[in-house]
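> Curious how this folds, go ahead:
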Amino acid sequence: MSNSAEGVRKRHVDTVTAPGVTATTICVTCLHKAPSENCRHSNMSIETGTYWLTRILLLRFIGFIYFIAFLVALHQNEALLGKDGLLPSNLYLNTIKRHTAGLNSQAFNYAPTLLWLFDYPTYINELLSLLACIGLALSLFLLLAGCANMLIMVMLWVIYHSLANVGQRWYSFGWESQLLESGFLAIFLCPLITIQRLPQETPTSGVVLWAYRWLVFRIMIGAGLIKIRGDQCWRDLTCMNYHYETQPVPNPISYYLHQTPEIVHKFETLCNHFVELIAPWFLLLSRRCRITGGIIQITFQVVLIISGNLSFLNWLTILPSIACFDDRSIQWLFSSRIGSIRDQVSSLKAKAVRGKGYYIRRVFNLSLGALLVYLSIPVVQNLMSSRQAMNTSFDSLRIVNTYGAFGSITKERTEVIFQGTYDNPSHSKANWLDYEFKCKPGDTERRPCLISPYHYRLDWLMWFAAFQSYQYNNWLVHLAAKLLVNDPGVTSLLQKNPFFNKKPPRFIRAEHYLYKFTKIGSKLAKRGHWWKRKYMGSYLPAVSIETLKDYIKGQGWPVPRLHP
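Numbering: from 1, shown residues only. Down below sits the predicted model:
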């Protein structure tokens with residue numbers, strides 16, 4: 001018996017002896033005597049270099065990410081992208097058609113979406129909801145079953161493409177492309193038709209596994225390089241002095257991490273540089289190095305999840321790191337009972353059944369590898385450029401992309417606070433009431449939220465708007481107009497509407513405030529304040545529905561109407 005098999009046998013078998021009693025061999029897993037005859041555990045051995053369990057884990061994890069992404073779409077897309085949304089996607093598609101002189105290949109290439117095939121001007125709300133519901137159902141099946149075929153994976157990828165490509169500003173984040181790239185690779189993990197967790201004629205593609213490792217390598221190296229080339233504070237090791245307070249959507253733990261000593265923040269920054277610039281190289285080396293690199297990357301993402309609400313970005317970045325682990329290294333995650341998936345994998349060994357499709361798959365995988373190498377050329381050129389762009393796609397299908405995050409760190413946190421009133425806005429004693437968003441800071445006594453991996457798209461863009469202007473964000477004016485009529489779609493995106501079940505306000509304005517965390521143990525903190533704020537000035541002057549009508553019409557949007 002080989003050393004590896006003997007080692008496995010020792011883990012499952014004990015020899016029981018007593019004075020005057022013949023030694024009896026017993027399997028400690030199922031308590032059968034004479035395991036060589038009655039117990040399968042004595043032969044349970046999972047070799048290194050197989051990826052049957054890895055594939056199950058990868059598919060379940062991407063099913064989880066897809067599920068969250070489609071859940072966000074179902075809850076928010078109608079209010080953001082519907083016919084009466086803040087940026088109506090039917091008008092966006094019409095604009096593309098005008099620019100491309102009709103519905104043609106150029107229009108499809110600019111915005112690849114299934115919506116082109118339907119009567120989207122009439123049924124855009126229903127189509128957005130239908131796509132999200134189908135995506136939810138398919139992703140839930142994938143999450144629970146841990147298996148799929150290529151048809152299911154293609155459907156998930158095409159549906160999310162269809163939503164992301166009409167999402168405009170709301171879907172302008174790097175993780176949308178990252179999900180599409182991850183979803184594209186997942187298609188080739190699966191058999192064409194068969195739906196089995198262990199399809200013996202379709203072993204896990206080595207090309208796809210290396211593509212996932214290449215993906216996480218690019219994500220981390222891209223993030224590290226954009227930091228080193230970007231803000232001086234990354235080189236001074238001071239960026240973490242600000243990050244927890246000024247990140248898009250802090251959580252309660254961010255409050256405490258922000259107030260750790262500066263030496264801790266410097267250590268955090270050094271660790272960040274190690275994880276993003278040095279550790280990714282482990283992923284391209286031997287099995288042990290890949291496993292070590294995978295553990296480092298997953299641990300880093302878990303820390304980021306704990307320290308802030310960065311949507312499903314960090315969860316999604318865990319996904320390609322899973323490809324660093326073979327079946328032997330993750331078998332502890334699966335049940336060892338007889339008949340379990342782990343038990344079945346142990347009987348498969350490393351040998352795959354070479355059916356009639358084996359050589360076709362081999363050619364197909366090599367072709368996929370060649371495509372990915374070709375599409376990686378501009379990505380590598382971008383990584384090596386001193387003018388590196390982050391979160392950029394070089395093809396309309398977003399198959400291979402470039403990534404990066406927090407190349408610059410904002411040193412102060414400013415917030416845009418929407419307010420409404422019934423009074424004359426020019427009067428100094430006008431009573432202005434604040435609107436509260438789902439998660440972004442507003443009320444200084446409100447505890448920061450904890451929502452990851454869920455994502456509030458409006459809250460996230462409000463963070464960007466705070467260090468820009470309303471002229472750069474036309475949707476902000478549309479938001480103000482909808483608040484003036486208590487639009488139910490927009491108010492569903494808010495935590496608190498001070499005019500709920502009341503007559504809508506006559507005027508809306510937006511004010512600009514500087515926000516800072518209160519000090520732990522300070523008088524404000526003891527009174528229940530998480531934040532303190534200082535007035536900076538007007539952001540959007542007071543407007544009424546009458547003063548906004550011409551602007552709304554000029555944008556091509558429907559003029560908001562009062563709802564009964």
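
> Just the buried residues of stretch 228-242, please?
Buried residues in stretch 228-242, counted by 16 or more other CB atoms under 10 Å: 230-231, 233-234, 237-242. To be clear about C-beta, it is placed using only N, CA and C from the backbone, and glycine gets the same treatment.

> of all these, which two lie farthest apart?
The two members of the buried residues of stretch 228-242 with the most space between them (CB to CB) are Gly230 and Asn241, at 16.0 Å.

> what is the mean pLDDT for the longest helix along the chain?
As assigned by DSSP state H, the longest helix anywhere in the chain is helix 52-81. Averaged over helix 52-81, pLDDT sits at 98.

> In this structure, which strand is the longest?
strand 531-543 (DSSP state E).

> what helices or strands is the following helix or strand past that strand leaning on?
Later in the chain than strand 531-543, the nearest helix or strand by DSSP states H and E is helix 545-554. Packing contacts for helix 545-554, counted by 3 or more CB pairs under 8 Å, 6 or more residues apart in numbering; DSSP states H and E, involve helix 474-483.

> okay, the angle between the helix it packs on and helix 545-554?
Put simply, helix 474-483 runs at 130 degrees to helix 545-554, going by axes from the mean of the first three to the mean of the last three CA atoms, to 10 degrees.

> Give me the residues contacting helix 474-483.
86-87, 169, 416, 418, 420, 435, 461, 465, 470, 489-491, 497, 504-505, 508, 510, 540, 543, 545, 548, 551-552, 555, 557, 559-560 (CB atoms under 8 Å, 6 or more residues apart in numbering).

> chain center to whichever helix or strand comes after that helix, what's the gap?
Helices and strands here follow DSSP H and E; after helix 474-483, the next one along the chain is helix 488-491. Centre-to-centre, helix 488-491 and its host chain are 25 Å apart (CA atoms, centre = their mean, to the nearest Å).

> contact partners of helix 488-491?
Contact with helix 488-491 is made by 78-79, 82, 84-86, 479, 482-483, 497, 500, 563, as judged by CB under 8 Å, 6+ apart.

> how about those in a markdown table, adding neighbour count and distance to Arg213?
Shown next, in a markdown table, are those (neighbours: other CB atoms under 10 Å; distance: CB to CB, whole Å):
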| residue | neighbour count | distance to Arg213 |
| --- | --- | --- |
| Glu78 | 20 | 38 |
| Ala79 | 21 | 39 |
| Gly82 | 21 | 39 |
| Asp84 | 18 | 45 |
| Gly85 | 27 | 39 |
| Leu86 | 27 | 39 |
| Leu479 | 26 | 42 |
| Lys482 | 26 | 46 |
| Leu483 | 24 | 47 |
| Asn497 | 21 | 47 |
| Phe500 | 10 | 50 |
| His563 | 11 | 52 |
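
> now, which of these sits nearest Leu277?
Distance to Leu277, by CB to CB, is smallest for Leu86 among the contacts of helix 488-491, at 38.8 Å.

> what helix or strand is that closest one on?
Going by DSSP H and E, Leu86 is not in any helix or strand.

> and if you look at Leu136?
Counting by DSSP H and E, the element that carries Leu136 is helix 120-145.

> list the buried ones in that helix?
Buried, per 16+ other CB under 10 Å, within helix 120-145: 120, 124-125, 127-129, 131-132, 135-136, 138-143, 145.

> Ok, stretch 387-398 next?
388, 390-394, 398.

> Which of the residues you listed sits closest to Phe108?
The nearest member of these to Phe108, counting by CB to CB, is Arg398 at 14.4 Å.

> Pretty sure the closest one sits against Glu181.
Yes: using CB atoms under 8 Å, Arg398 and Glu181 qualify as a contacting pair, with a distance of 6.1 Å.

> And the nearest residue to Trp234 once chain neighbours are set aside, how far from Met240?
Distance criterion CB to CB, 6 or more residues apart in numbering; nearest residue to Trp234, sequence neighbours excluded, is Lys227 at 4.2 Å. Lys227 sits 11 Å away from Met240, going by CB to CB, to the nearest Å.

> if I look at the two, which residues touch both of them?
Listed as contacting both Lys227 and Met240 by CB under 8 Å, 6+ apart are Asn272.

> Closest one of the buried residues of stretch 387-398 to Ile152?
Arg398 (19.7 Å).

> continuing past the helix holding Leu136, what's the next helix or strand?
helix 150-164.

> how about that next one: buried residues?
Buried residues in helix 150-164, counting neighbours by 16+ other CB under 10 Å, are found at 150, 152-154, 156-157, 159-164.

> Stretch 365-379 too?
Buried-residue list, stretch 365-379, by 16+ other CB under 10 Å: 368-369, 372, 375-376, 378-379.

> and it, how far from the chain's centre?
24 Å.

> what does stretch 259-278 give?
23 Å.

> Surely Pro112 is in a helix?
No: judged by DSSP: H, G, I helix; E, B strand; the rest coil, Pro112 forms no part of a helix; its state is coil.

> Give me the nearest residue to His563, chain neighbours excluded.
Nearest residue to His563 in three dimensions, chain neighbours excluded: Pro488, at 6.0 Å (CB to CB, 6+ apart).

> Give me the neighbour count for the one you found.
Using other CB atoms under 10 Å, the number of residues around Pro488 comes to 12.

> so where's the stretch 1-150 of the chain shaky on pLDDT?
Along the stretch 1-150 of the chain, the model assigns pLDDT under 70 to residues 1-44.

> what about 80?
1-45 (pLDDT under 80).

> which stretches of the protein form strands?
Remark: strands assigned in the chain by DSSP E are 13-18, 21-27, 392-393, 401-402, 413-421, 433-434, 436-437, 494-496, 507-517, 531-543.

> The fifth one packs against which elements?
Read that as strand 413-421. Applying 3+ CB pairs under 8 Å, 6+ apart, one finds that strand 413-421 contacts strand 433-434, helix 457-466, helix 474-483, strand 507-517, strand 531-543.

> returning to that earlier point: can you report the mean pLDDT over the residues of the longest strand of the chain?
For strand 531-543, mean pLDDT is 97.

> Could you list every helix and strand in contact with that strand?
So strand 531-543, by 3+ CB pairs under 8 Å, 6+ apart, packs with strand 413-421, helix 474-483, strand 507-517.

> again, only using 10 Å
Here strand 531-543 touches strand 413-421, helix 457-466, helix 474-483, strand 507-517, helix 523-526, going by 3 or more CB pairs under 10 Å, 6 or more residues apart in numbering; DSSP states H and E.

> Could you tell me which strands sit next to it in the sheet, and their orientation?
Strand pairing for strand 531-543, using DSSP bridges, gives strand 507-517 (antiparallel).

> Skipping adjacent residues, who's closest to Lys411 in space?
Tyr242 (5.2 Å).

> The one you found and Ile409, how far apart?
For Tyr242, the distance to Ile409 - CB to CB - is 5 Å.

> Return every residue with contacts to both of these two.
231, 233 (CB atoms under 10 Å, 6 or more residues apart in numbering).

> who's in contact with the closest residue to Trp52 other than its chain neighbours?
Closest residue in space to Trp52, ignoring its immediate chain neighbours: Val345 at 4.7 Å, by CB to CB, 6+ apart. Contacts for Val345 (CB under 10 Å, 6+ apart) come out as 44, 46-47, 50-53, 56, 197-198, 327-328, 331, 334.

> Kindly state the pLDDT recorded for Val345?
89.

> do the same with Ile360
For Ile360, pLDDT reads 83.

> what's the neighbour count on it?
A count of nearby residues for Ile360, using other CB under 10 Å, gives 11.

> wait, isn't Tyr515 in contact with Trp463?
No: using CB atoms under 10 Å, Tyr515 is not in contact with Trp463, being 11.0 Å away.

> List the residues that are in contact with both of the two.
Shared between the contact lists of Tyr515 and Trp463 (criterion: CB under 10 Å, 6+ apart) are residues 246, 413-415, 440-441.

> Counting neighbours, go ahead and name the busier of Tyr515 and Trp463.
A count of neighbours by other CB under 10 Å puts Tyr515 above the other of Tyr515 and Trp463, at 22 against 19.

> so who does the more buried one touch?
Residues counted as contacts of Tyr515 (CB under 10 Å, 6+ apart) are 245-246, 250, 412-415, 417, 440-442, 444, 466, 530-534.
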